[in-house]
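Engineer: let me see the structure of the following:
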Amino acid sequence: MKRTGFTTTSLNVPYPKSDPHKALQMPLYEAVAFEFDSAEQIEANFKGEYIAHVYSRTSSPTVEYFELKLKALTGSNGVIAVSSGMAAISNTILALTKAGDNIISGSRLFGHTYALFHQTLPEFGLDCRFSTLRDETEIEALIDKNTRAIYFETVTNPQLEIADIEMLARIAQRHHILLIADSTVTPPNVFRAADFGINIEVISTTKHISGGATSFGGAIIDHGNFEWKLNPNLANYIEKFGKNALIAKIRKNIYRNTGGSMSPQTARFMSQGLDMLELRVEKCYNNCLALGNYLRSEPKVKAVGYPGLEGDPGYEASEKYFGGVPGTILSFDLESKEACYRFMNQLKVVRRATNLSDNKTLIIHPHSTIYAEFSNEERAAANIRDTMMRLSVGIENVEDLIDDIKQALEV
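Structural biologist: Sure thing, here's the model as predicted:
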């Protein structure tokens, strides 16, 4: 049967159980506990012999439906929805590693991810080895018998650099380790991760998927293309759960015991956001192109970064991996930090706020905000300049955005 398009698929994912009222939107099950018909049945549930919802910290019908929608849209083996993008990262890494293990990560990470890998996880005995991920020989020199994964962002934020995903997949497969991608910036309607050898995706669903900053959450996507016997930390789950070993360990151990569950209300927002995702991304992308081309024409703008623009260093990789749609954020530089602040303070339509993929266009000065706790050396190494601003482009009429930016540049 022919695979339907992204939005058609999202709108037609069946419910796990028939709704008695034939509701066209998944009902909101804002319940904590679920009743069983007998003592024997609830015993069977706790033994894993009878699958049913029991307590909303571990699962609920509304969250389950969001997971099923995302699973259908990504063609993946399994999905777990969690409370935030950072919860998706931490749950995944904690499930795959133990004290004494290591992971290899890109060095130009979202600030809080870098802090997790550089500050938090090492306190629990995990070694995080950072690399630019540009040189195959350099990466392989970091790998040893305790390496469990290579972790990277499909498009770095706010540098907007695109990884050589095919090279990373080649290295991971050669050494029998996982390839984990944070694909938050490149949503599933433009990026088919499994097609490029990625085993696990982690996503902040707060961004594109939420439907315009309605709520915050995260998702872990297992593409079912890794042999779990190659990871010794999943040995206790492989015999019983097979290809679902990682999903089982996260759900029955890490996720359940650390309490990072997604709320049913959030899951409902996320499900509705998936239905509108393709339309929103298209609008934001077209706005990005128009703004990028306009900013390139402004004499006061010293540099513009957006891999969707011809001539950008990441343009060819964007075409290869994302069909030319490398997310909906761009960066641009003015002559100084002071010029950036004057510009930002003059904006009327663009909002000064930190988020990505809101319906509203948002601007931030990363050097003084997201990376405020980093040393000057760390910021320089991450290519975070005090002359750079990040623009998360929304769905406004692009003429209004251009007019707003134009008047702010005139100050």
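Engineer: residues contacting residue 161?
Structural biologist: Applying Cβ atoms under 8 Å, 6 or more residues apart in numbering to residue 161 gives the contacts 108, 155, 313, 314. Where you see a C-beta, it was placed from the backbone N, CA and C, and this is true even at glycine.
Engineer: and the nearest residue to the second one once chain neighbours are set aside, how many neighbours?
Structural biologist: The one in question is residue 155. By the measure of Cβ to Cβ, 6 or more residues apart in numbering, the closest residue to residue 155 outside its immediate chain neighbours is residue 185, 4.3 Å from it. Residue 185 has 26 neighbouring residues, counting by other Cβ atoms under 10 Å.
Engineer: and residue 185, what does it touch?
Structural biologist: By Cβ under 8 Å, 6+ apart, the contact set of residue 185 is 153, 154, 155, 157, 207, 326, 327, 329, 356.
Engineer: kindly report the domain assignment for the protein.
Structural biologist: 6-266, 278-409 (automatic domain parsing).
Engineer: pull up the pairing partners for the longest strand seen in the chain, direction included.
Structural biologist: Secondary structure assigned by DSSP state E gives strand 147-153 as the longest strand of the chain. Strand 147-153 sits in its sheet next to strand 102-106 (parallel), strand 178-182 (parallel), going by DSSP bridges.
Engineer: now what about it, what contacts it?
Structural biologist: The contact list for strand 147-153 (Cβ under 8 Å, 6+ apart) reads 93, 96-97, 101-106, 108-110, 113, 117, 133, 139, 163, 165, 168, 171-172, 175, 177-185, 200, 231, 233.
Engineer: which of the residues you listed fall in helices?
Structural biologist: Taking DSSP state H, the ones among the contacts of strand 147-153 that sit in helices are 93, 96, 113, 139, 165, 168, 171, 172.
Engineer: among those, which one lies nearest to residue 377?
Structural biologist: Ranked by distance to residue 377 (Cβ to Cβ), the ones in helices among the contacts of strand 147-153 are led by residue 113 at 18.8 Å.
Engineer: give me every residue that touches that closest one.
Structural biologist: 86, 89, 153, 182.
Engineer: partners of the last one in the sheet?
Structural biologist: By that I understand residue 182. With DSSP bridges as the rule, residue 182 is bridged to residue 153, residue 202.
Engineer: report how many residues lie close to it.
Structural biologist: Neighbours around residue 182, by other Cβ under 10 Å: 27.
Engineer: I'd say it and residue 110 touch.
Structural biologist: Yes - counting by Cβ atoms under 8 Å, residue 182 does reach residue 110; the two are 7.4 Å apart.
Engineer: just the ones of the contacts of residue 161 in strands?
Structural biologist: Using DSSP E, none of those sit in strands.
Engineer: I'd like the contacts of residue 113 as a markdown table, with pLDDT appended.
Structural biologist: Shown next, in a markdown table, are the contacts of residue 113 (pLDDT from 0 to 100):
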| residue | pLDDT |
| --- | --- |
| 86 | 96 |
| 89 | 97 |
| 153 | 97 |
| 182 | 98 |
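Engineer: widest-spaced pair of these?
Structural biologist: 86 and 153 (13.4 Å).
Engineer: show me which of those two is the more surrounded one.
Structural biologist: Neighbours around residue 86 and residue 153, counted as other Cβ under 10 Å, are more numerous at residue 153. The numbers are 24 against 20.
Engineer: now do the SS call for residue 212.
Structural biologist: The local conformation at residue 212, judged by DSSP: H, G, I helix; E, B strand; the rest coil, is coil.
Engineer: ok, now residue 80?
Structural biologist: At residue 80 the chain is in strand, as set by three-state DSSP.
Engineer: give me the neighbour count for residue 152.
Structural biologist: By other Cβ under 10 Å, 23 other residues sit near residue 152.
Engineer: show me where the stretch 201-350 of the chain has its helices.
Structural biologist: 235-241, 245-249, 255-258, 264-296, 315-322, 337-346 (DSSP state H, counting those that start in this stretch).
Engineer: among those, which comes closest to residue 16?
Structural biologist: Nearest to residue 16, of all these, is helix 264-296, at 12.8 Å by Cβ to Cβ.
Engineer: chain center to that closest one: distance?
Structural biologist: On the basis of Cα atoms, centre = their mean, to the nearest Å, helix 264-296 sits 14 Å off its chain's mean C-alpha point.
Engineer: just want the angle from it to strand 78-82.
Structural biologist: 90 degrees (axes from the mean of the first three to the mean of the last three Cα atoms, to 10 degrees).
Engineer: buried ones in helix 264-296, by neighbour count?
Structural biologist: Buried residues in helix 264-296, counting neighbours by 16 or more other Cβ atoms under 10 Å, are found at 264, 266-275, 277-278, 280-281, 283-289, 291-292, 294-295.
Engineer: what about residue 202, how many residues nearby?
Structural biologist: 26.
Engineer: what is the neighbour count of residue 348?
Structural biologist: Neighbour count for residue 348, taken as other Cβ under 10 Å: 10.
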